[in-house]
Structure formats: structure tokens, C-alpha cells
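Q: need a structure here:
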Amino acid sequence: MSVAALILGVILVTGCVTTTDSRFSREADKQEAVDDYVQLATAYIGQGNLERARHHLDRALKLAPESPAARAAMGLVLNAEGEAELAEASFRRAIFADSGYTRARVYYGAFLYGQGRIEDSRDEFRAASRDTDYKDRGSVFYNLGMTQERLGELENATTSYRRAVELSRGDARSLLALSRVLVERGNYDAAARYYGRLTSIMQRNERARHSPESLLTGIRIARHLNDRNQEASLALQLKNNYPESVEYQQYKVLISNGQ
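A: Model prediction:
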């Protein structure tokens, strides 16, 4: 958070006066203050400091009780505090106040996913994906793809993951997800192309490491394409680095079945 925003917080506490030309007499200034409070609260949520986050959101809601941004952020606080019903009510209130406030739908979609309500989560992410002005559309399509994959809608998941790859300029998690779902659909050639982009990214980043999921995906591709050297290399990494993983158990089933 910028120094200016922090200074503004002090001004709002100490500088309010009871005159008719108060800065809050103008709607634009009030909205600016609400936005600053929400930004501060969001930063505190990211740090896990729910008490401070709630403090700033209470101030925002005192100024604008139906602020969709403040209601959506309060939903995050309530959910983190274990108040699922109140959190959902806050998310829904934010969307009711402004159905075009995409961030509220993203938060609500993530909440629903965590509650195991996958179809409802998919619907929120699908609605969010229609906002072409939303800054992080790549993540929205990635999340939409996850819900579709969970529901067995693999063709739709492929489309969503491909959009996530395009919009994020090929981030690793989207490339892996797309590679994985293409393998599930039996499209190994396309899967190999995207997986190749993933491994290229990893080779350029010294801190990047294979996950059990990325190793198993690569093994399945290499096995289908009869690339024994690649398969052996990835299998050895999976065995040595993740011997207790579900993916290693799946690999052992894979080779025992001769698939």
C-alpha cells in the first residue's frame, strides 16, 4: 500500500470537521475514501490480519453501506473467520448491489468451489469471464476450467484453459492444466506441444520445479509417444522426489496395466 494511502487513513481519522464543506460532502471524495479503505483491507487480508481488515471495511461500510467492493471484501474476512453463511450473504449482497462488479463474482466463485458447490462456482466464473475489462481474465478462465474439469466437461475445460494460456501469455499453471486435460481427452500431440512450452519455461527459471502432477502428465505423454528416455527421466524424478504422492501410485498402476 502506498504512503499516500496510509497518510489518507490518518487524515480521515484526524482531519474530519463538522462543516458543510467537509470532503465527504462530495460523493466523489466519499467514493475515493471507500476505495482506499477497501484497498487497505485487502492488503491486510493478504497478510492474514483479519482484525485490521475488518476495521477498515467497517469504516468503508459506514460511508457506503451498499459498496460492492467493501461487501465482497467483507465476505473474504467472514469466510476466513469460519462464518460461511455470513460470508455468502455478504458476497451475494455485493453482487446484488452491482451485478457487473466482477471481483465479487470471482470471490464468490472461489468461495463456492471451496464449499464443494462446483456447478454454482462454474456459473459465477462463467459470468465473470464475460467481463472483457477485468484485469485478471486469465485467472478467471483458469478457475472456470477447473470447475468444468471437476464436472467432467472436458471439452469446455479445454477451451477455458486455452483462453487462460492466451490471456496469461502462457503461465505455467495454465499450460499444465491444458496439457493434462488434453491427455485426458486423448489428444497427445496437442498436449505435447503445450507441455513442451511448460518445460521451456521451467528450464529458463532456476527456481521452477516439477510437481507430481506435471511429472505424471509428462510421463503419460512420453509413454504414448514412445519416448522411453523422457519417460524414464520423469519417472525417476517422480519416484525420488515424491514417493508418497498419489501421482506416483497412479504411475505404478499405469505401468502395471501396460497402458
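
Q: in which helix or strand does residue 254 reside?
A: For residue 254, the host element (DSSP states H and E) is helix 246-256.

Q: which outside residues touch that helix?
A: For helix 246-256, contacts defined as C-beta atoms under 8 Å, 6 or more residues apart in numbering pick out 212, 213, 215, 216, 219, 220, 223, 235, 238, 239, 242. Heads up, the C-betas are built off the backbone N, CA and C, glycines and all.

Q: drop anything exposed from those residues.
A: Burial by neighbour count, judged by 16 or more other C-beta atoms under 10 Å, picks out 212, 213, 215, 216, 219, 220, 223, 235, 238, 242 from these.

Q: the helix or strand harbouring the fourth one packs against which elements?
A: So that's residue 216. Per DSSP H and E: residue 216 is located in helix 212-224. Packing contacts for helix 212-224, counted by 3 or more C-beta pairs under 8 Å, 6 or more residues apart in numbering; DSSP states H and E, involve helix 172-184, helix 188-204, helix 228-241, helix 246-256.

Q: let's have the buried ones among the contacts of helix 246-256 in CSV, adding distance to residue 78 and pLDDT.
A: Shown next, in CSV, are the buried ones among the contacts of helix 246-256 (distance: C-beta to C-beta, whole Å; pLDDT from 0 to 100):
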residue, distance to residue 78, pLDDT
212, 34, 98
213, 32, 98
215, 38, 98
216, 37, 98
219, 42, 98
220, 41, 97
223, 47, 96
235, 45, 97
238, 40, 98
242, 36, 97
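
Q: which of those sits closest to residue 185?
A: Residue 185 has its nearest neighbour among those in residue 220, at 12.0 Å by C-beta to C-beta.

Q: OK, contacts around the residue nearest to residue 66 when sequence neighbours are not counted?
A: Leaving aside its chain neighbours, residue 66 sits nearest to residue 97 (4.6 Å; criterion: C-beta to C-beta, 6 or more residues apart in numbering). Listed by C-beta under 8 Å, 6+ apart, the contact set of residue 97 reads 66, 67, 68, 71.

Q: weed out the non-buried ones from those.
A: 67, 68, 71.

Q: quick revisit: for the contacts of residue 97, which one is nearest residue 104?
A: Closest to residue 104, out of all of the contacts of residue 97 and judged by C-beta to C-beta, is residue 68, at 5.5 Å.

Q: ok, the closest one to residue 187 distance?
A: 40 Å (C-beta to C-beta, to the nearest Å).

Q: many thanks, we can stop here.
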